[in-house]
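Undergrad: with the input below, show me the fold.
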Amino acid sequence: MGNFEVQTQCVVEALFLDLRSEDESDCRSLETDSGVSLQSEESDEMFSKFDPIVIASRLRRMGDQCNMDFERVSSEALAEVLKGKVEKFGAAVDSLRRNWSDRNPELVYERAFLSVSVKLLTYIAKKIPDLLHPTHLIQVINGNAQVRNYIEAHGGWENLDN
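TA: Alright, predicted model coming up:
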């Protein structure tokens with residue numbers, strides 16, 4: 001795994017932990033969730049400016065900016081996810097992003113994608129928390145070359161501003 005993938009995993013797991021901690025459920029540390037210390041896979045140098053908790057907080061604010069009401073959105077992929085077909089998470093994000101971007105054309109694709117992804121993750125955390133797992137968002141972000149290139153072009157996750 002490259003630096004970007006490792007960093008994405010750390011950021012999403014921090015976001016996931018934050019979402020879970022709002023719940024009454026057990027709060028586990030990232031280290032015990034993955035069974036691996038966050039810094040063991042890559043050099044400490046990569047993490048010198050990289051703070052996944054700060055970046056997760058920025059992503060959370062981006063998600064908060066998405067004012068989409070999922071209860072009123074017509075999306076087949078979203079309906080599938082809410083029925084438990086979490087493998088449709090990526091398709092739901094894409095469908096919702098298009099819908100939101102149509103109403104907010106000033107948003108660049110990548111920011112809209114991240115905002116909708118985080119908003120959907122937050123929504124699922126409240127509605128069906130048992131289905132929630134960080135791999136869904138990690139795969140969606142790591143699998144989107146356009147979003148990856150955007151983040152890397154801005155200097156990486158640590159420079160993702162809000």
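Undergrad: what comes up buried for the helix or strand encompassing Val140?
TA: Secondary structure assigned from DSSP states H and E places Val140 in helix 134-142. For helix 134-142, a neighbour-count test (16 or more other C-beta atoms under 10 Å) marks 134, 136-138, 140-142 as buried. No exception for glycine: its C-beta is placed from N, CA and C like everyone else's.
Undergrad: for stretch 72-84, same thing?
TA: Under 16+ other C-beta under 10 Å, the buried positions of stretch 72-84 are 75, 77-78, 80-82.
Undergrad: again, but for stretch 142-162
TA: 142, 144, 147-148, 150-151, 156-158, 160.
Undergrad: nearest to Leu59 among the residues you listed?
TA: Using C-beta to C-beta, Leu160 is the member of the buried residues of stretch 142-162 that lies nearest Leu59, at 7.6 Å.
Undergrad: against Ala92, how distant is that closest one?
TA: According to C-beta to C-beta, to the nearest Å, Leu160 and Ala92 sit 22 Å apart.
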